[in-house]
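Pasted the sequence and its predicted model underneath.
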Amino acid sequence: MPQITVEYSDSLVDAFDRRGFALALHPAAADLIGSSVPGFKTRFVRLDDAVIGTGDPAEAMIHITIAVLPGRDAALKDRLGDLTLTTLTDHLKPTPDLNTQLTVEIRDLATYHKRPD
């Protein structure tokens, strides 16, 4: 059920282990929020055209949006955000030439429809 979108600067393509990140996050987050791993869906969006701050090419970003079904309290969402950032840093090689901003947004799905299996 969790819908995860990861937007990342194209300058991080070689430093960010995207598959490893998703495969590590899914089971850890499932345990935390009481969801099943097969329901997790993570999409990666490479940003070839983005401006960060003053537009300095040494700026990079990864922004993760996690949408979950309503009913989880703010404290649980905070723990999910912390878990996500920790998992992200574990799957991002050092990039000394870049100032990389890492952010996570946890939000409720407004509506959700799924075709039955």
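Perfect, thanks for sending it. Numbers count the residues shown, from 1 in each chain.

Centre-most residue in the protein?
Ile64 (3.2 Å; CA atoms, centre = their mean).

From Leu80, how far out is that residue?
Distance from Ile64 to Leu80, counting by CB to CB, to the nearest Å: 10 Å. C-beta: built from backbone N, CA, C; applies to glycine.

With Ala74 instead?
For Ala74, the distance to Leu80 - CB to CB - is 11 Å.

Neighbour count: those two, which is higher?
The residue with more neighbours, out of Ala74 and Leu80, is Leu80; 21 against 8, by other CB atoms under 10 Å.

Backbone dihedrals for Asn99, please?
Asn99 adopts backbone torsions of phi -100, psi 110, taken as degrees, to the nearest 10.

who's in contact with it?
58-60 (CB atoms under 8 Å, 6 or more residues apart in numbering).

In the beta-sheet assignment, what are the partners of it?
Applying DSSP bridges to Asn99 gives these bridge partners: Glu59.

what about it, distance to Pro57?
11 Å.

Mind jotting down where the helices sit in the chain?
Per DSSP state H, the chain carries helices over the ranges 18-33, 74-90.

so which of the ones you listed is the most packed in?
helix 18-33 (a mean of 17; mean count of other CB atoms under 10 Å).

contact partners of that one?
Taking CB under 8 Å, 6+ apart as the rule, helix 18-33 contacts 2, 4, 6, 8, 35-37, 40, 42, 44, 66, 68, 72, 76, 79-80, 83-84, 87-88, 90-91.
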